[in-house]
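S.K.: Dropping a prediction and its sequence here:
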Amino acid sequence: MPTVFVIMRKDLKQFVNDRRALAMSLLIPFFLMLIIGGVFGSFSNTGSTSKIDTPIFVEDQGATAQQLLKTLQQVPNLNLEMKTSAADARKPVENGDRSAAIIVPAGLSAAVEQGKAAMVTVVTSPSSQDYRALVVQSAMDNVLQNYTAAHIAGQVAASAVQANGGTADPARVASQASQQAAEQLNKQPLLSIKTQKATQTMHDSSYNQVVPGYAIMFALFAVGGGIESILAEKEAGVWKRLLIAPISRWALLGGKLLAHFIIGVVQIGLLFIAGRIFFGINVGSLPGVVLLIIVTALATTALGMLLVSVVKTRQQLQPITTIVVLAFSALGGSWWPLFLMPNWLQQVAKVTLNGWAMIGFNNLMIFGKGFTSVLPSLLALVVYSAICFGLAIRFFRFQEAS
Amino acid sequence: MIATQATTVATSTILDVRNLHKTFDEHEVVRGVSFHIDAGEIFGLLGPNGAGKSTTINMLATYLKPTSGTATVVGIPISETERVKRSIGLVPQEIALYKDLTADENMRFFSEVYGLHGAVLNARIDELLKRVGLLDRRNDKVDAFSGGMQRRLNLAAGLIHNPPLLMLDEPTVGVDPQTREAIFELAEQLRDNGTAILYTTHYMEEAERLCDRIAIIDEGLIVTEGTLAELLATSVGEPITRVERPHGLAEVFLQLTGKQYRD
């Protein structure tokens, strides 16, 4: 066999034997495809996962309003949520939980019957990034245009029949109807959309999303690399040297975790300061942001500790860290705003620490909410940390049985 | 067994090991090891790979818990881990140092771990770095050191708290003759100052040169123990036809433990 093939065969064999290389080249891209495909696939126009939850309040009980509701219910992209008042319909949009709401006002049907113009209100998220609001607007617009066209066609046909009695020439009637319909359509539309931005304060600079998102992602990478030092110390024998020294095992582990927690706080904190200085990010409630940074660093440390507890070597840890960090970042809203993700993915995001942290940061930095809006995130991240630390202590091996 | 095993422990005994056992998953790795080391004595524990040397050392260093048996260091049972740890120094086979820190930072860290501080700490670090020839390199990172320098610093870090019992686990692996000689001299100085040293090595000439008494361990049991002269003078099975040194102890070793691979 030529030497080139001998070398090639040896290198291929080494690659196949190297689980880390296999994980990096196959597993990680596969998981990312799965996650990102899940996120963007959900925004397509087909499939049950593409439905956009849309609150709707139909105040008018007339025929036109009910016909519009019926047609809207058949729009495949929309999942209508019936509300009992205009305020109820607006609230989820103002809270950032929904992208758009539809309000069909009282008197709409009567106006249409009298040939007067009427409007349907679409309340949208103030975010210019939220294209789901545009989807709702577009769907509503289509429904109104179709209804208007059908209404005009019906009126024209009726007047043609009335004018010509039962002897109308179909070709002549069609020509007249087209002319009248065109004239009607060129006038002020019978039904149209009135778009209102939700009244919430919105800071939709992309840096308000990118800075916390990437700070958390790289805090996870940093803690993964830092906690790896425990495994490095085990492999180098330093860990053994420390274990036989007169210090408590928990002091040893606690000292390491404390160091990585401080590194996490400083890292995220400095990135926020840089974000404020260079990108003008909106911090909102300073105590809220500071507390969120602290508990996020705590949770990243706890997660890193858990990862170290379930693997034996650095070679095992590195691909696992990469997979976890990228998956958590994609799912948890580090790469794109959580509120742009489908509702089911927003629920999945809560499995990740990024998800809870980003809910809090988005509330403060994008939606301009107050300190109390981050309390659920703070509590969830503390619980998250406790669970990770608890599991880590359960599985952590101070020494290998050898 | 050649030498009479100490059934009564002399007042100068630093380490007294009695009937130590260790089992991993029903596999008994150490099967009743007993020996003692007096103050000012270098005791060689030799054995093929997998014979139970490291497991024995790990138990004595409190890193592993014995399945049964006892051992005391300066009269303190090893089961009282927190008390006994201050009396034990271990220099592991690995370079157990932080390579991204300087020699001084490493020494300072391990000193503080053992509770040293202030002037005592500074004096001790200076003394040890001088003894291993690294005083003028104290501010260099360990990464920049040669293998021999790293070995010497590894040894110094094990001595930081001046333990009465020092365990040197293959301390001369991969070092040049100069560093090996320096390690020998340091071990001899420590012995002369009253430190008890447990020394493991695969180099028979080291054991011949350094050890006051030698035990050969195989398959978890000590198969012979005594001074070099006692080991060379006695045969197990067929008589040992020793021709010339330094191969003498190696012949004894191979005759007792066989020539088949053990790992």
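M.R.: Cool, the structure landed.
S.K.: Minimum distance to chain B, which residue of the stretch 201-350 of chain A gives it?
M.R.: A:G237 (3.2 Å; CB to the nearest CB). Any C-beta I mention is one placed from the backbone N, CA and C, and that applies to glycine too.
S.K.: Can you report how many residues neighbour the spatially closest residue to that residue that is not a sequence neighbour?
M.R.: Counting by CB to CB, 6 or more residues apart in numbering or on different chains, B:E94 is the residue found nearest to A:G237 once chain neighbours are left out, at 3.2 Å. When neighbours are counted by other CB atoms under 10 Å in any protein chain shown, B:E94 registers 16.
S.K.: Same question for A:N354.
M.R.: Counted with other CB under 10 Å, the neighbours of A:N354 add up to 30.
S.K.: quick one, what contacts it?
M.R.: Applying CB atoms under 8 Å, 6 or more residues apart in numbering or on different chains to A:N354 gives the contacts A:213, A:216-217, A:220, A:328-329, A:331-334.
S.K.: which helix is the longest one in the chain?
M.R.: All of this refers to chain A. Identified as the longest helix of chain A according to DSSP state H is helix A:131-164.
S.K.: Not quite, go with chain B.
M.R.: Within chain B, and with DSSP H defining each element, the longest helix by residue count is helix B:177-192.
S.K.: what element comes up after that one heading to the C-terminus?
M.R.: With elements assigned by DSSP states H and E, the helix or strand that comes after helix B:177-192 is strand B:196-200.
S.K.: anything in that following strand near chain A?
M.R.: No - under the criterion of CB under 8 Å from any CB of the partner chain, chain A is not reached by strand B:196-200; the shortest gap measures 13.5 Å.
S.K.: May I have the strands that pair with that strand, each with its orientation?
M.R.: Applying DSSP bridges, strand B:196-200 is found paired with strand B:42-46 (parallel), strand B:165-169 (parallel).
S.K.: So whichever residue of the stretch 51-200 of chain B sits closest to chain A: helix, strand or coil?
M.R.: Relative to chain A, the nearest point of the stretch 51-200 of chain B is B:E94 (3.2 Å; CB to the nearest CB). Per DSSP: H, G, I helix; E, B strand; the rest coil, the secondary structure class of B:E94 is coil.
S.K.: Confirm for me that it is in contact with A:E233.
M.R.: No - counting by CB atoms under 8 Å, B:E94 does not reach A:E233; the two are 10.4 Å apart.
S.K.: just the strands in the chain please.
M.R.: Just going to use chain A. A:52-58, A:78-82, A:100-104, A:118-124, A:191-197 (DSSP state E).
S.K.: wait, I meant chain B there
M.R.: So, for chain B - with DSSP E - the strands run B:13-24, B:27-38, B:42-46, B:68-73, B:76-77, B:88-91, B:165-169, B:196-200, B:213-218, B:221-226.
S.K.: Report the buried members of the contacts of A:N354.
M.R.: Among the contacts of A:N354, those buried by neighbour count (16 or more other CB atoms under 10 Å in any protein chain shown) are A:213, A:216-217, A:220, A:328-329, A:331-334.
S.K.: of those residues, closest to A:I152?
M.R.: Nearest to A:I152, judged by CB to CB, of the buried ones among the contacts of A:N354 is A:G333 at 45.7 Å.
S.K.: How many neighbouring residues does A:A198 have?
M.R.: Neighbourhood size, A:A198 [other CB under 10 Å]: 24.
S.K.: May I have the residues that are in contact with the spatially closest residue to A:F261 that is not a sequence neighbour?
M.R.: Once flanking residues are discounted, A:F261 sits nearest to A:T301: 4.5 Å by CB to CB, 6+ apart. Applying CB under 8 Å, 6+ apart, we find A:T301 in contact with A:223, A:227, A:257, A:260-261, A:264, A:385.
S.K.: Now flag whichever of those residues is closest to B:I78.
M.R.: Using CB to CB, A:L257 is the member of the contacts of A:T301 that lies nearest B:I78, at 28.7 Å.
S.K.: The closest one reaches A:L306, doesn't it?
M.R.: No - counting by CB under 8 Å, A:L257 sits too far from A:L306 to count as a contact (11.4 Å).
S.K.: any idea how far the closest residue in space to A:N146 that isn't next to it in sequence lies from chain B?
M.R.: Nearest non-adjacent residue to A:N146, counting by CB to CB, 6+ apart: A:T71, 7.2 Å away. Counting by CB to the nearest CB, to the nearest Å, the separation of A:T71 from chain B is 68 Å.
S.K.: can you list the residues of the stretch 51-200 of chain B near chain A?
M.R.: Checking the stretch 51-200 of chain B against chain A by CB under 8 Å from any CB, the hits are B:55, B:58, B:61-64, B:82, B:85-86, B:88, B:90, B:92-99, B:110, B:113-115, B:157-158.
S.K.: just the buried members of those?
M.R.: Buried residues within these, counting neighbours by 16+ other CB under 10 Å: B:55, B:58, B:61-64, B:85-86, B:88, B:90, B:92, B:94-98, B:110, B:113-114, B:157-158.
S.K.: What's the local residue count around the residue of the stretch 251-400 of chain A found nearest chain B?
M.R.: Distances between the stretch 251-400 of chain A and chain B by CB to the nearest CB are smallest at A:Q399, namely 6.1 Å. Using other CB under 10 Å, the number of residues around A:Q399 comes to 15.
S.K.: CA atoms only for the lowest-mean-pLDDT helix or strand in chain B, dumped as PDB, please.
M.R.: None of the helices or strands of chain B scores lower by mean pLDDT, DSSP states H and E than helix B:247-257, at a mean of 72. C-alpha atoms of helix B:247-257 as PDB (Å, rounded to 0.1, in the frame of the first residue of the first chain):
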ATOM      1  CA  HIS B 247      22.400  -5.900  39.300                       C
ATOM      2  CA  GLY B 248      22.200  -7.700  42.600                       C
ATOM      3  CA  LEU B 249      19.000  -6.300  43.900                       C
ATOM      4  CA  ALA B 250      17.400  -6.500  40.400                       C
ATOM      5  CA  GLU B 251      18.100 -10.200  40.400                       C
ATOM      6  CA  VAL B 252      16.500 -10.700  43.800                       C
ATOM      7  CA  PHE B 253      13.600  -8.600  42.700                       C
ATOM      8  CA  LEU B 254      13.000 -10.700  39.500                       C
ATOM      9  CA  GLN B 255      13.500 -13.900  41.200                       C
ATOM     10  CA  LEU B 256      10.800 -13.000  43.800                       C
ATOM     11  CA  THR B 257       8.300 -11.400  41.500                       C
END
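S.K.: Quick one: list the elements packing against that helix.
M.R.: Where contact means 3 or more CB pairs under 8 Å, 6 or more residues apart in numbering or on different chains; DSSP states H and E, helix B:247-257 is packed against helix B:204-210, strand B:213-218, strand B:221-226, helix B:228-233.
S.K.: Would you point to the one among these that's packed deepest?
M.R.: Highest mean neighbour count among these (mean count of other CB atoms under 10 Å in any protein chain shown): strand B:213-218, with a mean of 24.
S.K.: Dump the C-alpha coordinates for it into CSV.
M.R.: Output of strand B:213-218 as CSV, limited to C-alpha atoms (Å, rounded to 0.1, in the frame of the first residue of the first chain):
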residue,chain,number,x,y,z
ARG,B,213,15.7,-1.3,54.6
ILE,B,214,13.8,-2.6,51.6
ALA,B,215,10.5,-4.5,51.2
ILE,B,216,9.4,-6.1,48.0
ILE,B,217,5.7,-6.2,47.5
ASP,B,218,3.9,-8.4,44.9
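S.K.: In the sheet, which strands lie alongside that strand, parallel or antiparallel?
M.R.: If you go by DSSP bridges, strand B:213-218 pairs up with strand B:42-46 (parallel), strand B:221-226 (antiparallel).
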